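*Asks:* turn this into a structure:
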Amino acid sequence: MITAIILALAVAAEDRGAQVALRECAACHSVGPSGDSLNSDAPTFRSLRLSQNPLSLEKRLTRLPETGHPAMPPRPLSAGDAADLVAYIQTLAPRTPGR
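*Replies:* Purely as a prediction, here's the structure:
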């Protein structure tokens, strides 16, 4: 029962993160499992997943409302949005055959 609850919470976070990605990030970044970013300077979410560990990525995303990024304006992300985005980005892991 507890495992089912934890799994449901994780799936909910991933789903919320996908919605945040579409709403706040997709204008520049490729936020899905394939495709190029609309802005060639914006990394794909797949590449973020491979280049950032989840904790570092969540910290960077949490700071975006105040700091933005050199080529990116500040975004209205809550700490919960940042955590949900990281949960979603982690779903973009390369698939292992047989899984």
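
*Asks:* just say helix, strand or coil for G35.
*Replies:* coil (DSSP: H, G, I helix; E, B strand; the rest coil).

*Asks:* grab the nearest non-local neighbour of it.
*Replies:* Excluding the flanking residues, the one nearest G35 by Cβ to Cβ, 6 or more residues apart in numbering is T44, at 7.5 Å. Quick note: C-beta positions are derived from backbone N, CA and C, even for glycine.

*Asks:* pLDDT value on the one you found, please?
*Replies:* pLDDT, T44: 94.

*Asks:* pull the contacting residues for it.
*Replies:* H29, S30, V31, G35, D36, S37 (Cβ atoms under 8 Å, 6 or more residues apart in numbering).

*Asks:* before we move on, what about D15?
*Replies:* Y88.

*Asks:* over to it: give its phi and psi.
*Replies:* phi -70, psi -40 (degrees, to the nearest 10).

*Asks:* so how far is L50 from it?
*Replies:* 22 Å (Cβ to Cβ, to the nearest Å).

*Asks:* which residue ranges form the strands in this protein?
*Replies:* Using DSSP state E, the chain contains no strands.

*Asks:* compute the number of surrounding residues for the residue nearest to L61 when sequence neighbours are not counted.
*Replies:* In space, and not counting its chain neighbours, L61 is closest to A82: 3.8 Å by Cβ to Cβ, 6+ apart. Burial of A82 is recorded as 22 neighbouring residues (other Cβ atoms under 10 Å).
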